[in-house]
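1. next comes the sequence, and after it the predicted model I'd like to discuss.
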Amino acid sequence: MNKQIKQLAIEAGATERSMCYGHGDYRTELVMTGETIEKFATAIAAHCVKIAKDDNPIYHAEGAVAWRNAIDDATIRIKLFFGVKK
């Protein structure tokens with residue numbers, strides 16, 4: 001799991017636990033409740049929207065109306081799919 005995904009999961013409320021799979025084979029797992037999973041999915045969707053819109057220099061370029069419209073449409077569909085309100 002990459003560090004960004006792990007960080008979003010922890011911020012959503014996931015807890016870590018260490019498990020032993022025998023003979024010194026310890027692994028850390030993330031544990032999530034239903035509420036945590038919902039917060040995690042919302043965080044991922046919100047971050048995708050941020051990347052597509054806020055962090056995208058094309059979106060803010062002068063005369064890029066068609067690009068802005070396409071990005072706006074994509075971000076709306078991402079928010080609707082994941083149930084992100086803002």
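-> Structure's in. What do you need? Numbering: from 1, shown residues only.

2. what's around residue 75, how many residues?
-> 21 (other C-beta atoms under 10 Å). Every C-beta, even on glycine, is put in place using the N, C-alpha and C of the backbone.

3. what sits against the closest residue to it other than its chain neighbours?
-> Of all residues not flanking residue 75 in the chain, residue 49 sits nearest, at 4.5 Å (C-beta to C-beta, 6 or more residues apart in numbering). Applying C-beta atoms under 8 Å, 6 or more residues apart in numbering to residue 49 gives the contacts 75, 78, 79, 84.

4. what's the helix or strand for residue 49?
-> For residue 49, the element it lies in under DSSP states H and E is helix 34-49.

5. and the average pLDDT for the helix or strand just after that helix is what?
-> Using DSSP H and E, the helix or strand that follows helix 34-49 towards the C-terminus is helix 65-82. Averaging pLDDT along helix 65-82 yields 86.

6. and helix 65-82, what does it pack onto?
-> In this structure, helix 65-82 packs against helix 34-49, with contacts taken as 3 or more C-beta pairs under 8 Å, 6 or more residues apart in numbering; DSSP states H and E.

7. report the mean confidence score over the helix it packs on.
-> In this model, helix 34-49 has a mean pLDDT of 90.

8. what's near enough to touch the residue lying farthest from the centre of the chain?
-> Distance from the C-alpha centroid of the chain peaks at residue 23, with 35.1 Å (C-alpha atoms, centre = their mean). If a contact means C-beta under 8 Å, 6+ apart, then residue 23 has no contacts.

9. and it, backbone torsions?
-> Per-residue torsions, residue 23: phi 50, psi 50 (degrees, to the nearest 10).

10. from residue 17, how far out is it?
-> Per C-beta to C-beta, to the nearest Å, residue 23 is found 19 Å from residue 17.

11. what's the answer for residue 39, then?
-> Distance of residue 39 to residue 17, computed by C-beta to C-beta: 19 Å.

12. which one's more surrounded, those two?
-> Each of residue 39 and residue 17 has its neighbours counted (other C-beta under 10 Å); residue 39 has more, 18 against 9.

13. what residue lies at the spatial centre of the protein?
-> Centroid check for the chain by C-alpha atoms, centre = their mean gives residue 44 as the closest residue, at 1.3 Å.
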